[in-house]
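1. Pasting a predicted model and its sequence here:
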Amino acid sequence: MKIGRIEAIVGPMFAGKTEELLRRLKRMEYAHKNVILFKPDIDTRYEESYVVSHNKNKSLCVCLKKSVDMFNYVTDKTDAIFIDEFQFLDDESFIALKRRGIRIVLSGLDKDFRGEPFGVMPNVLALADEVLKLRAVCVKCGADANCTQRIINNSPASYNDPIILVGATDSYEARCDACFEIKDKKYKYE
Ligand code: ADP
Ligand code: MG
Ligand code: ZN
C-alpha cells in the first residue's frame, strides 16, 4: 500500500514559502511524476490561475473555492498535489487525499496581521507529517522576521482594522517580533 504524506511550509509573508513550494514541485516534474498545483481563488494578487512568488517564479495552477474541489482533479495517477496560500482553505480533504497515497505539499501563513494563528493553520501544523517554518528578513532591522506587518496609509494597522478596507492603501511587510507593531493594543499574546 502506498502511504501519502503531508508537508507544510509556513511562515510570514516574504519568507520564501511559495519559492519552496515551487522548488519541490519542479523536482517532481523532473522525476516525471503526476502533479497538480492548486491555490484558493480568493488570492487575486497576481494573474488568475498562476502561483507566483515574490521573485517572479510562476507556475500554472487550478483555483479552488473549497478543499473538496480537489477531488474533481485528483485521479489514481496523481502522485502529488501542491497547494499555495493554504490559510484561506480548510482541513476537510487533505487527510483523505493522504490516505489515497498522495504526497501533499502545502504552504501558507501561520499567523495573520494581528500576530495570531491564522484560521485553519494550527490544525494543519498538528496534522502534517513534516513542517518547515521559514523566516523572512525584517525590513526595519535586518533580523529574522517572524511576523507579517500590515501597513494602512503608511502606518501600522490597528488590531481592529477589517481585512478588506475600501479606498485605503493596504500593504504588508516582513518584520521581526521587536519591530512588529499593532495599534490599539488588544494583541492577545502581549
Ligand atoms: P512567500 O510565499 O513566503 O510570501 P515568496 O516565495 O513569494 O515568499 O518570495 C520570497 C522572496 O521574496 C525572497 O526570495 C526574496 O527574493 C523576496 N523578498 C522580498 N522582501 C523580502 C524580505 N523582507 N525578506 C526576505 N525575502 C524577501
Ligand atoms: Mg507565497
Ligand atoms: Zn526588526
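-> Yep, it's here. Residues are numbered from 1 along each chain as shown. Ligands and ions are numbered 1, 2, ... in the order given.
2. switch to C-alpha atoms for all contacts and neighbour counts from now on
-> Fine.
3. pLDDT (mean, whole number) over the longest helix along the chain?
-> Ranked by number of residues, the top helix in the chain under DSSP state H is helix 17-30. Mean pLDDT, helix 17-30: 97.
4. Partner strands of whichever helix or strand comes after it and their direction?
-> Using DSSP states H and E, the next helix or strand after helix 17-30 towards the C-terminus is strand 35-40. Using DSSP bridges, the strands paired with strand 35-40 in its sheet are strand 62-64 (parallel), strand 80-83 (parallel).
5. Would you mind listing the outside residues contacting the helix or strand that strand 35-40 is followed by?
-> As assigned by DSSP H and E, the chain's next helix or strand after strand 35-40 is strand 50-52. If you take Cα atoms under 8 Å, 6 or more residues apart in numbering as the criterion, strand 50-52 is touched by Thr18, Lys39, Tyr46, Lys58, Ser59, Leu60, Cys61, Val62, Asp84.
6. Dump those residues into TSV; add distance to Gly115 and neighbour count as well.
-> Converted to TSV, the contacts of strand 50-52 look like this (distance: Cα to Cα, whole Å; neighbours: other Cα atoms under 10 Å):
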residue	distance to Gly115	neighbour count
Thr18	20	26
Lys39	23	26
Tyr46	24	11
Lys58	28	16
Ser59	29	14
Leu60	31	14
Cys61	29	19
Val62	29	18
Asp84	20	25
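7. contacting residues for the spatially most central residue of the chain?
-> Centroid check for the chain by Cα atoms, centre = their mean gives Gly108 as the closest residue, at 1.6 Å. Applying Cα under 8 Å, 6+ apart, we find Gly108 in contact with Ala8, Ile9, Val10, Gly11, Lys17, Asp84, Glu85, Phe86, Gln87, Met121.
8. between the contacts of strand 50-52, which is nearest Tyr172?
-> The shortest gap between Tyr172 and any of the contacts of strand 50-52 belongs to Tyr46, at 15.1 Å (Cα to Cα).
9. Give me the pLDDT value at that closest one.
-> Tyr46 carries a pLDDT value of 50.
10. now do the one 4 residues further on
-> At Tyr50 the predicted local confidence, pLDDT, stands at 90.
11. OK, contacts around the closest residue in space to it that isn't next to it in sequence?
-> Closest residue in space to Tyr50, ignoring its immediate chain neighbours: Leu60 at 4.5 Å, by Cα to Cα, 6 or more residues apart in numbering. For Leu60, the contact set (Cα under 8 Å, 6+ apart) comprises Leu37, Ser49, Tyr50, Val51.
12. Ala143 now?
-> Neighbouring residues of Ala143 by Cα under 8 Å, 6+ apart: Val137, Cys176.
13. Kindly provide the distance from it to Val137.
-> Going from Ala143 to Val137 by Cα to Cα, to the nearest Å gives 6 Å.
14. what do you get for Val105?
-> 24 Å.
15. Between those two, tell me which one has more neighbours.
-> For Val105 versus Val137, neighbours defined as other Cα atoms under 10 Å are more numerous around Val105 (25 against 20).
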